[in-house]
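**Q** Just to be clear, the model below is a prediction. Sequence and coordinates:
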Amino acid sequence: MHVRDHPTRVSELNTLGFVWGRLQPEWNNVIEALMTYKVLHNNSVMVPSSFVVPYGNDTWPKSTWGIPLGNCVYRIRARHDFLQGDEYA
């Protein structure tokens with residue numbers, strides 16, 4: 001049996017703030033890192049493919065430290081990893 005077959009359990013998990021999309025937390029961190037990059041680089045989101053968010057740099061949110069942002073941006077552009085259906089223009 002799957003949890004989706006039990007509306008009460010689904011409701012309880014939703015009340016707790018359960019994240020159903022397995023990539024949602026990672027996606028949120030990538031977006032936060034990309035927003036920070038944009039602020040620090042004159043509104044540019046042209047992230048070099050080798051760029052990694054630096055550790056220990058308080059300019060960046062701690063949750064983003066170590067994210068291979070350049071690689072993430074490359075994947076988003078090249079493979080449309082985070083886009084579904086009508087979201088891709």
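**A** Cool, the structure landed.

**Q** Distance check, the residue most central in space within the chain against residue 67.
**A** In the chain, the residue lying closest to the centroid (CA atoms, centre = their mean) is residue 27, at 1.4 Å. Counting by CB to CB, to the nearest Å, the separation of residue 27 from residue 67 is 11 Å. Using the backbone N, CA and C atoms, a C-beta is placed for each residue, glycine as well.

**Q** what stretches of this structure score poorly on pLDDT?
**A** For the chain, residues meeting the criterion pLDDT under 70 lie at 1-4, 19, 21-24, 80-89.

**Q** buried residues in stretch 61-75?
**A** Counting neighbours by 16 or more other CB atoms under 10 Å, one finds that the buried residues in stretch 61-75 are 64-65, 67-70, 72-74.

**Q** Let's have those residues in JSON lines, adding secondary structure.
**A** Below are the buried residues of stretch 61-75 laid out as JSON lines (DSSP: H, G, I helix; E, B strand; the rest coil):
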{"residue": "64", "secondary structure": "helix"}
{"residue": "65", "secondary structure": "coil"}
{"residue": "67", "secondary structure": "coil"}
{"residue": "68", "secondary structure": "coil"}
{"residue": "69", "secondary structure": "helix"}
{"residue": "70", "secondary structure": "helix"}
{"residue": "72", "secondary structure": "helix"}
{"residue": "73", "secondary structure": "helix"}
{"residue": "74", "secondary structure": "helix"}
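
**Q** In which helix or strand does the residue nearest to the centre of the chain reside?
**A** helix 24-40 (DSSP states H and E).
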